[in-house]
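Q: Sharing a model that was predicted from the sequence below.
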Amino acid sequence: MNHFLNFKLKIWRQKNNKEKGFFKTYKIQNVSPDSSFLEMLDILNNQIICNKKDTPISFDHDCREGICGMCSLYINGRAHGPEYLTTTCQLHMRSFRNGITIYIEPWRAFSFPIIKDLIVDRSSFDRIMISGGFISVNTFGKTIDGNIIPIPKNQSEKAFDASSCIGCGACVAVCKNRSAMLFVSAKVSQFSFLPQGIVERKKRVLNMVNRMEKEGFGSCTNTKSCEVECPKGISTEYISILNKEYINSFI
Ligand code: SF4
Ligand code: FES
């Protein structure tokens, strides 16, 4: 039998990037343990709209199935909440003890300015991706089927693991230096292990690292909190690969 849950919520409210933010307290009752964290926020917003005393809480989401990386929230001091390898949208309210207070905050990083409440601007990640550019191999017309190009299994697996980065930004938010090295290393590595990515290999890593620095992200000091909190389990091994790719780009 499912017992419904009650919580006190302390939610960060901030009109925009210029005004000061603050925690506002809300109470929510009779939450199903099977509802997701974002569904709980939906229910709260419905109540806020019906009461007409406050504006609904702004928060980001899209796929709600752990793919898009939009649902970026700090929950009780943990990026994406208390469960490992779980995005906020895949987190369920049964992960929280009945009656507790839950603090909900946006990512806090210079390069992710707050837009409103819990929404931050992560377009710095988009600009890093754009700086990496396209691959120049022909992908239409008379092309070789990608599946018949022999690639050693360990390489294709490494490329696949790197490509599971969803660009959520948790690695930046939990890093004391606000470094984006885990994200950039995943994006560089997913191409560097595949023959299609070889042609622009040097240019890609140089441009992405330069852009990362221009966007104001900090340096990596091997704290590895990014690896612990990454919802997709991206390993800091990829940061070593990024460093190797970067050094090789000057040779
Ligand atoms: S490396 Fe992990 S934490 Fe960082 S953006 Fe990618 S999925 Fe998110
Ligand atoms: S809403 Fe897409 S990953 Fe959470």
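A: Alright, I've got the coordinates. Ligands and ions are numbered 1, 2, ... in the order given.

Q: What is the burial count for Phe191?
A: The burial count assigned to Phe191 is 22, neighbours taken as other Cβ atoms under 10 Å. In this view, the C-beta of every residue, glycine as well, is placed from N, C-alpha and C.

Q: Phi, psi for it please.
A: Backbone torsions for Phe191, taken as degrees, to the nearest 10, come to phi -90, psi -30.

Q: so what's the closest residue to it other than its chain neighbours up against?
A: Residue nearest to Phe191 in three dimensions, not counting chain neighbours: Gly197, with 2.9 Å by Cβ to Cβ, 6 or more residues apart in numbering. Residues near Gly197 by Cβ atoms under 8 Å, 6 or more residues apart in numbering: Ile135, Gln190, Phe191, Arg204.

Q: In contact with the nearest residue to the first one once chain neighbours are set aside, which residues?
A: So that's Ile135. Distances taken as Cβ to Cβ, 6+ apart put Gln196 closest to Ile135, at 5.2 Å, once the chain neighbours are dropped. Applying Cβ under 8 Å, 6+ apart, we find Gln196 in contact with Ile135, Val137, Gly146.

Q: Tell me how far Phe110 lies from ligand 2.
A: Spatial separation of Phe110 from ligand 2 under the definition Cβ to the nearest ligand atom, to the nearest Å is 23 Å.

Q: just checking, that residue touches Arg178?
A: Yes: A contact is recorded between Phe110 and Arg178 when judged using Cβ atoms under 8 Å, the distance being 6.2 Å.

Q: How far off centre is whichever helix or strand Ala159 is part of?
A: Assigned by DSSP states H and E, Ala159 falls within helix 153-163. For helix 153-163, the gap between its own C-alpha mean and the chain's C-alpha mean amounts to 20 Å (Cα atoms, centre = their mean, to the nearest Å).

Q: Same question for that helix: list its buried residues.
A: If you call a residue buried by 16 or more other Cβ atoms under 10 Å, then helix 153-163 has these buried ones: Lys158, Ala159, Asp161, Ala162, Ser163.

Q: Outside of it itself, list whatever touches it.
A: Applying Cβ under 8 Å, 6+ apart, the set of residues contacting helix 153-163 from outside is 151, 185-187, 189-191, 193-194, 233-235, 238.

Q: cutoff 7 Å now
A: Among residues not part of helix 153-163, those counted as contacts by Cβ atoms under 7 Å, 6 or more residues apart in numbering are Ala186, Ser189, Gln190, Phe193, Leu194, Tyr238.

Q: what's the answer for stretch 25-41, then?
A: Here stretch 25-41 makes contact (Cβ under 7 Å, 6+ apart) with 2, 4-11, 43-44, 57, 59, 61, 64, 71, 81, 88-89, 91-94.
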